[in-house]
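> Please work out how this folds:
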Amino acid sequence: MNVLIQQGSWLKIMLSKLKKDLAEITSVPIYAFIKPEEDIRETYIEYRIISDIDADFAGNKNLTEIYTIQIDIFSYYDYIELAKTIKNTLKAKGYVYIQGDGDLYEPDTKLYHKAMRF
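Sure, this is the predicted structure:
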């Protein structure tokens, strides 16, 4: 039970740091998981953890957890510079860039969409 609480606390700290790091990069609205539907924005960012892996084992216990986060940019406009800025700044802050999905288009909302994983 204590381990779950500690891991949950660490997860909250990590997500809080990620939001702070993103807020230092841009003034674009940032949402954990999903933007509220009633909140209309021309450009916004969503972020979430998409996977976690136990690593660095000793005594049959993991000493490290590795999280993969996804950052999604949604915009009616060109988001290429914003995506480059986010990628380069987070890498400079120690995040490891894994991949970026191709440029996407959401036909139902008519928003362009860029997904990046760290």
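> Figure out the helix or strand that residue 13 lives in.
Assigned by DSSP states H and E, residue 13 belongs to helix 2-25.
> typed the wrong thing, it's residue 81
helix 80-92.
> partner residues bridging residue 69?
residue 49 (DSSP bridges).
> Check it and give its pLDDT.
For residue 69, the pLDDT comes out at 90.
> For burial, what's the neighbour tally of it?
Counted with other C-beta atoms under 10 Å, residues neighbouring residue 69 total 19. (C-beta placed from N, C-alpha, C; glycine too.)
> With residue 112 instead?
Neighbours of residue 112 (other C-beta under 10 Å): 18.
> and it, what does it touch?
Counting by C-beta atoms under 8 Å, 6 or more residues apart in numbering, residue 112 makes contact with 74-79, 103-106.
> May I see the buried residues of the helix or strand following the helix holding residue 13?
Using DSSP H and E, the next helix or strand after helix 2-25 towards the C-terminus is strand 30-32. Under the neighbour-count criterion of 16 or more other C-beta atoms under 10 Å, strand 30-32 has 30-31 buried.
> contacts for strand 30-32?
Strand 30-32 is contacted by residues 15, 19, 22-23, 44-48 when judged by C-beta under 8 Å, 6+ apart.
> Show me how far that strand is from its chain's centre.
9 Å (C-alpha atoms, centre = their mean, to the nearest Å).
> repeat for stretch 41-57
For stretch 41-57, the distance to the chain centre is 4 Å (C-alpha atoms, centre = their mean).
> export it as CSV, just CAs?
C-alpha atoms of stretch 41-57 as CSV (Å, rounded to 0.1, in the frame of the first residue of the first chain):
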residue,chain,number,x,y,z
ARG,A,41,-9.6,27.2,-28.4
GLU,A,42,-7.9,27.8,-31.7
THR,A,43,-4.7,26.1,-30.5
TYR,A,44,-4.1,24.0,-27.4
ILE,A,45,-1.9,21.2,-26.0
GLU,A,46,-3.0,18.0,-24.3
TYR,A,47,-0.6,15.7,-22.4
ARG,A,48,-0.8,12.3,-20.8
ILE,A,49,1.2,9.3,-19.7
ILE,A,50,0.7,6.5,-22.3
SER,A,51,2.8,3.8,-20.7
ASP,A,52,5.0,2.9,-17.8
ILE,A,53,7.6,0.2,-17.4
ASP,A,54,9.4,-1.1,-14.3
ALA,A,55,13.2,-1.2,-14.7
ASP,A,56,16.5,-1.5,-12.8
PHE,A,57,15.6,-4.5,-10.6
